[in-house]
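>>> Got a predicted structure here, sequence first:
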Amino acid sequence: MFDSLSDRLSGILDGLTGRGALSDQDVQAALREVRRALIEADVALPVVRSFTESVREKAVGVSTLKAIKPGQQVVKIVHDELVEMLGSDAEPIDLNAAAPVVIMMVGLQGSGKTTTTGKIGLRLQKRQNQKVLMASLDTRRPAAQEQLRQIGEQVDVATLPIIAGQTPVEISARAVQAARLGGYDVVILDTAGRTSIDAELMAEAADIKRAANPHEILLVADSLTGQDAVTLAENFDEAVGVTGIVLTRMDGDGRGGAALSMRSVTGKPVKLIGTGEKMDALEDFHPSRIADRILG
Ligand code: GDP
């Protein structure tokens, strides 16, 4: 097995005690390891570059005379820099708007969008005491609306009754209207995905946005797709303006590179992470835990 990044940094730097301060040269070898670890974690190259540069600025001049070994000091610098780049605090879903608050879910097919819709519905209803209505706007895949209905039944969250033949925009209007009449606090709209980004998908998302006026537009992206997830976020953000990201499959063996690039490339916060197939496998995003995962 490979050593963790922390071990590699300590291995390179901890011997350099007693010389006053780390030099540019001392730090170069350590930075090579940082760069390698980030590339292994599938972090976007420009992000790798700017990250290593800011670590370099802070690591050069680190005292080698202190009780804390230089390697450990640099590990802390890398950790803090990762947290900074990931966005320092977990940002919750924003429900601060007139009821019914509309949350629109977007993303590619298979990213975990419908599952995540159910997870968020459950969380808002159980933990935050919100009355939630979920509606599937996926008229393309015949089973999609039925899938959400079943998930709703499973988590005991209401779903909009299915009426065949309506367009996504019509369903979204009906959902918002039903939520108003039924005294719901939150409506979650699960939009249709595609296998890849296309103009039609983006146009449909824009139409739904216009009709439903969502307060949150959450992009669901598969963390295991690494840099593709980041490109996806950029595209959706350009088309409809994403307010937050949910990264699914964080229980997989990806190293969190998508999370790191996501924030710095798009500027959008990762709000939640999916950590399994079960309906309660949804967690707040904690930058420090992702930083630990990258450091190993
Ligand atoms: P959609 O096409 O985007 O709506 O995707 P689905 O919600 O149907 O999810 C596709 C598959 O991914 C299902 O088998 C889900 O159980 C699974 N899935 C969703 N989120 C996660 C996650 O966070 N971790 C894991 N391991 N599986 C997930």
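Noted; the coordinates are in hand. Treat the numbers as computed from the prediction; the structure is a model and nothing was measured. Numbers count the residues shown, from 1 in each chain.
>>> What residues are bridge-paired with the residue in the chain positioned nearest to the ligand?
Residue of the chain nearest the ligand, by Cβ to the nearest ligand atom: Gly274 (2.5 Å). Bear in mind the C-beta positions are built from the backbone N, C-alpha and C, glycine included. Beta-bridge pairing for Gly274 (DSSP bridges): Leu282.
>>> residues contacting it?
Gly274 sits next to Gly112, Thr115, Thr116, Lys119, Val246, Leu247, Thr248, Arg249, Met250, Asp251, Ala281, Leu282 when contact means Cβ atoms under 8 Å, 6 or more residues apart in numbering.
>>> Now do the strands in this protein.
Assigned by DSSP state E, the chain shows strands spanning 101-107, 132-136, 158-159, 186-190, 216-222, 244-248, 270-274, 282-284.
>>> Flag every residue of the stretch 51-200 of the chain that's near the ligand.
Gly107, Gln109, Gly110, Ser111, Gly112, Lys113, Thr114, Thr115, Gly193 (Cβ under 6 Å from any ligand atom).
>>> could I get those as a markdown table with neighbour count and pLDDT?
Converted to a markdown table, those look like this (neighbours: other Cβ atoms under 10 Å; pLDDT from 0 to 100):
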| residue | neighbour count | pLDDT |
| --- | --- | --- |
| Gly107 | 30 | 94 |
| Gln109 | 16 | 92 |
| Gly110 | 13 | 93 |
| Ser111 | 25 | 95 |
| Gly112 | 21 | 96 |
| Lys113 | 27 | 97 |
| Thr114 | 25 | 97 |
| Thr115 | 22 | 98 |
| Gly193 | 22 | 88 |
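>>> Inside helices: which ones of these?
Lys113, Thr114, Thr115 (DSSP state H).
>>> Mind putting those into a markdown table with distance to Phe51?
Listed next are those as a markdown table, based on distance: Cβ to Cβ, whole Å:
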| residue | distance to Phe51 |
| --- | --- |
| Lys113 | 30 |
| Thr114 | 34 |
| Thr115 | 32 |
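>>> for these, which one is nearest Asp228?
Asp228 lies nearest to Lys113 out of these, by Cβ to Cβ, at 15.6 Å.
>>> got a pLDDT number for Phe2?
Looking at Phe2, its pLDDT reads 58.
>>> just to revisit the earlier point, nearest to Pro269 among the residues of the stretch 51-200 of the chain next to the ligand?
The nearest member of these to Pro269, counting by Cβ to Cβ, is Gly107 at 16.0 Å.
>>> got JSON lines for the strands of the chain, with distance to Leu65 too?
As requested, the strands of the chain are arranged in JSON lines below (distance: least, Cβ to Cβ, whole Å):
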{"stretch": "strand 101-107", "distance to Leu65": "51"}
{"stretch": "strand 132-136", "distance to Leu65": "58"}
{"stretch": "strand 158-159", "distance to Leu65": "64"}
{"stretch": "strand 186-190", "distance to Leu65": "56"}
{"stretch": "strand 216-222", "distance to Leu65": "46"}
{"stretch": "strand 244-248", "distance to Leu65": "41"}
{"stretch": "strand 270-274", "distance to Leu65": "39"}
{"stretch": "strand 282-284", "distance to Leu65": "40"}
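>>> Would you mind saying which of those strands lies nearest Ile290?
strand 270-274 (8.6 Å).
>>> Just the mean pLDDT for the closest one, thanks.
94.
>>> How far away from the center of its chain is that strand?
Relative to the chain's own centre, strand 270-274 is displaced by 5 Å; criterion: Cα atoms, centre = their mean, to the nearest Å.
>>> Same check on stretch 136-152?
Centroid separation between stretch 136-152 and its chain, computed with Cα atoms, centre = their mean, is 23 Å.
>>> And that stretch, what's buried?
Across stretch 136-152, burial judged by 16 or more other Cβ atoms under 10 Å covers Ser136, Leu137, Asp138, Thr139, Ala144, Gln145, Gln147, Leu148, Arg149, Ile151, Gly152.
>>> first vs last residue of that stretch, how far apart are they?
By Cα to Cα, to the nearest Å, the extent of stretch 136-152 from end to end equals 11 Å.
>>> before we move on, the earlier item: could you dump the buried residues of stretch 136-152 to CSV with pLDDT?
Conversion of the buried residues of stretch 136-152 to CSV gives the following (pLDDT from 0 to 100):
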residue, pLDDT
Ser136, 98
Leu137, 97
Asp138, 95
Thr139, 93
Ala144, 94
Gln145, 96
Gln147, 97
Leu148, 98
Arg149, 97
Ile151, 98
Gly152, 98
